[in-house]
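Novice: fold the following.
(one chain, ligands or ions: 1)
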Amino acid sequence: MRPNLLILGGTTEGRHLCKAVAEAGLAGTVSMAGRVKHPAPQGLPMRLGGFGGPGGLARYLRDNAVTHVIDATHPFAAQMSCNAIDACARTKTPLIALTRAPWQAGPGDRWTHVPDIAGAVAALDRPAQRVMLAVGRMHLQDFAANPQHAYLLRLVDPPATPLGFPRAEVIVDRGPFTLAGDRALLSEHRIDLVVSKNAGGTGAQAKILAARELGLPVLMIDRPAIAKRAEAHSIAEVLRWLGHVSTDLGV
Ligand code: NAP
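Specialist: Residues are numbered from 1 along each chain as shown. Sure thing, here's the model as predicted:
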């Protein structure tokens, strides 16, 4: 059977995977949540928006005769990853996740770990500081509980609704970012503290490395747990898996 892949994307790694899949001559579609106004071209046909839970995804897989699912979503997109596990189990569609190792604190790092966004909000219940808040767009309102801080936000699109805290500067920019650029950014904005999800990978790491160089503390939000599934840590591994689970792919 001719392979027909569904790649769950929204990450730099997902975009690179789509390019590799297209170059390997494989057919597939990349799915994006539709949160970003103008998603970067991915090199494969793109569909946008949720599927309607695991049941909706299972229907999509059947209706579109999807042969393999590759979950290349962000490590914090736990709902989508859980839905993929569920829908693939229901439809017996082979699933692999393209994952990246979490960042590890090294010499010079001053990290405090919190388990989730709520933990970060609780930890910010302290006197006013200048905070780079690198948690994406979805959970910004949670930080309205601590309006005393001056927040620096970097977002792909300008916020669609007013922010719940009065002292915020928004930079509209899209990664990957450089160490030199982020070192300058943290210095120019006199940042006292970086709040970040432990995304792993290289695309968003510059601010963490810059904080290390500047001796700044980081409030590191640990990753959500996701049920066990097949995982690959590189595009080559995904392509090998595709060849392995369906030997007629020629990859
Ligand atoms: P999430 O909480 O796991 O997902 C919430 C819902 O959004 C899912 O149940 C699904 O809706 C829909 N969805 C998520 N990813 C989708 C995809 N690739 N294609 C189609 N529908 C998708 O995810 P999130 O944390 O909001 O992240 C949304 C997207 O942004 C993900 O694709 C992720 O790769 C990307 N992203 C997330 C982060 C982050 O920090 N969370 C950072 C960078 C990029 P239905 O249940 O209706 O199917």
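Novice: do you know how far the residue nearest the centre of the chain is from the ligand?
Specialist: Note on the chain: the residue nearest the mean C-alpha position is H74, at 2.7 Å, using C-alpha atoms, centre = their mean. Distance, H74 to the ligand, by C-beta to the nearest ligand atom, to the nearest Å: 3 Å. C-beta here means a position set from N, CA and C on the backbone, and glycine is covered the same way.
Novice: switch to numbering from 351
Specialist: With 351 as the first residue, the last one maps to H424.
Novice: name the helix or strand for that residue, please.
Specialist: Of the helices and strands defined by DSSP states H and E, none includes H424.
Novice: ok, it - contacts?
Specialist: By C-beta atoms under 8 Å, 6 or more residues apart in numbering, the residues touching H424 are G360, T361, A549.
Novice: next one: D466
Specialist: Going by C-beta under 8 Å, 6+ apart, D466 touches I571, D572, P574.
Novice: what is the neighbour count of the first one?
Specialist: If I follow you right, that is I571. 24 (other C-beta atoms under 10 Å).
Novice: ok, what's across the strand from it?
Specialist: V464, K547 (DSSP bridges).
Novice: from memory it sits against S546, does it?
Specialist: Yes: shown here, I571 and S546 form a contact pair, counting by C-beta atoms under 8 Å, at 6.8 Å.
Novice: next, show the common contact partners of the two.
Specialist: V485.
Novice: run a quick neighbour tally on whatever residue of the stretch 501-601 of the chain ends up closest to the ligand.
Specialist: Closest residue of the stretch 501-601 of the chain to the ligand, C-beta to the nearest ligand atom: K547 (5.4 Å). Neighbours of K547 under the rule other C-beta under 10 Å: 23.
Novice: for this structure, what lies in contact range of the ligand?
Specialist: 358-361, 381-383, 385, 400-403, 406-407, 423-424, 426-430, 433, 486, 488, 547 (C-beta under 6 Å from any ligand atom).
Novice: just give me the neighbour total for the residue of the stretch 351-500 of the chain found nearest the ligand.
Specialist: Proximity of the stretch 351-500 of the chain to the ligand (C-beta to the nearest ligand atom) peaks at G400, 2.3 Å away. Residue neighbour count, defined by other C-beta under 10 Å, stands at 13 for G400.
Novice: excluding sequence neighbours, find me the nearest residue to it.
Specialist: A383 (6.6 Å; C-beta to C-beta, 6 or more residues apart in numbering).
Novice: V386 now?
Specialist: Per C-beta to C-beta, 6+ apart, closest to V386 is V506, 5.1 Å.
Novice: okay, that neighbour: pLDDT?
Specialist: pLDDT, V506: 90.
Novice: run a quick neighbour tally on it.
Specialist: 16.
Novice: and it, what does it touch?
Specialist: V386, K387, R487, V522, D523, R524.
Novice: now do K369
Specialist: Q392, G393.
Novice: tell me the SS of it?
Specialist: helix (DSSP: H, G, I helix; E, B strand; the rest coil).
Novice: got a pLDDT number for it?
Specialist: 96.
Novice: go on, L599?
Specialist: At L599, pLDDT is 47.
Novice: show the backbone phi and psi for the residue nearest to G400.
Specialist: phi -70, psi -20 (degrees, to the nearest 10).
Novice: same deal with G393?
Specialist: Backbone phi and psi, for G393 under degrees, to the nearest 10, turn out to be phi 90, psi 0.
Novice: where in the protein is pLDDT low?
Specialist: 594-601 (pLDDT under 70).
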